[in-house]
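Asks: Have a look at this prediction, sequence included:
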Amino acid sequence: MINKQVVSAKDAVTDIFDGATVMVGGFGEAGSPIELLHALIDQGATNLTVVNNNTGSGEVGLAALIKAGRVAKMICSYPRSVGSKVFPELYKSGKIELELVPQGTLAERIRAGGAGIPAFYTATSVGTPLADGKEQRKFGDREYVLEMGLTADFAIIKGRAADRYGNVVYNKTARNFAPIMATAAKTTIVQVADFVEAGELDPEVIVTPGLFVQRVVTVTNPAFESQLIAQGVSYP
């Protein structure tokens, strides 16, 4: 019988290895898998390449992972946003690498990777430093830049509910990058607030089918970045 539920966040991330590429769901606070990120800090994997929309806030979640020195490179759209203080300082001191990707391009690179599309052309970034060194081609009267699809060894994401098969639904816009990241990773790990029996999720509203999920961990009362930051929490 298929059952993808694991006992704890610690067990869920145990095999994330040094040098792995890890996609992390979340658009700022919304959909950020705080407990899985903190478990990854405790687990100790280092030299990671992390794909996310931004670089975290305060000193919790993704920002805490970066502060712990576990991330060698960030691939993101917003390296500096409200509340981000860890990454900018490390980047200015040359201690972490950045690959800056426009947000729509980032989403499409992940989607393409999950769909088995190795590369695609987009007009975004033409005539900017982000196009330097990349193949360019003209279609009609417009220039386009070749962008590569993105895949990962692991994706760690946050859902609202899941069943033992790994079918996942999300809380409104907290889904953001999670569904496409699930398709683009070899191993997808999901934390959810509710674990339900098989058949309880309406198949018409399932966003991420269990086909794309390998592990589900229940976090009944998940933390939120803004609350932790307001409380002055710094993890660990």
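Replies: Arrived safely.

Asks: Dump stretch 154-170 to CSV, keeping only the CA atoms.
Replies: This file holds the C-alpha atoms of stretch 154-170, laid out as CSV (Å, rounded to 0.1, in the frame of the first residue of the first chain):
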residue,chain,number,x,y,z
PHE,A,154,15.1,18.1,-4.2
ALA,A,155,12.1,20.4,-3.8
ILE,A,156,10.9,21.3,-0.3
ILE,A,157,7.5,22.9,-0.4
LYS,A,158,4.5,23.7,1.8
GLY,A,159,0.9,22.6,1.2
ARG,A,160,-2.4,22.9,3.1
ALA,A,161,-3.4,19.3,3.0
ALA,A,162,-2.2,16.0,1.5
ASP,A,163,-3.2,12.3,1.6
ARG,A,164,-1.0,9.2,1.9
TYR,A,165,-0.6,9.0,-1.9
GLY,A,166,1.1,12.5,-1.9
ASN,A,167,-1.8,14.4,-3.5
VAL,A,168,-1.5,18.0,-2.4
VAL,A,169,-3.8,21.1,-2.2
TYR,A,170,-2.6,24.5,-1.2
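
Asks: doesn't Thr124 fall inside a helix?
Replies: No - looking at Thr124 with DSSP: H, G, I helix; E, B strand; the rest coil, it is coil, so not inside a helix.

Asks: Next one: it from Gln103, what distance?
Replies: With distances defined as CB to CB, to the nearest Å, the gap from Thr124 to Gln103 amounts to 9 Å. For the C-beta atoms, the positions are set from N, CA and C on the backbone; glycine is no exception.

Asks: again, but for Ser81
Replies: Applying CB to CB to Ser81 and Gln103 gives a distance of 12 Å.

Asks: And for Ile157?
Replies: Counting by CB to CB, the gap from Ile157 to Gln103 is 17 Å.

Asks: With Ala152 instead?
Replies: 18 Å.

Asks: Have a look at those two and say which one is more surrounded.
Replies: Between Ala152 and Gln103, Ala152 has the larger neighbour count (other CB atoms under 10 Å), namely 24 against 15.

Asks: If the more buried one is in a bridge, with which residues?
Replies: Using DSSP bridges, the beta-bridge partners of Ala152 come out as Ala185.

Asks: Hmm, Glu147 and Ala123 touching each other?
Replies: No - the pair Ala123 and Glu147 fails to qualify as a contact (CB atoms under 8 Å) at a distance of 10.8 Å.

Asks: Look at the two and report which has more neighbours.
Replies: Glu147 (23 against 11).

Asks: Got phi/psi on that one?
Replies: In terms of degrees, to the nearest 10, the main-chain angles of Glu147 are phi -120, psi 140.
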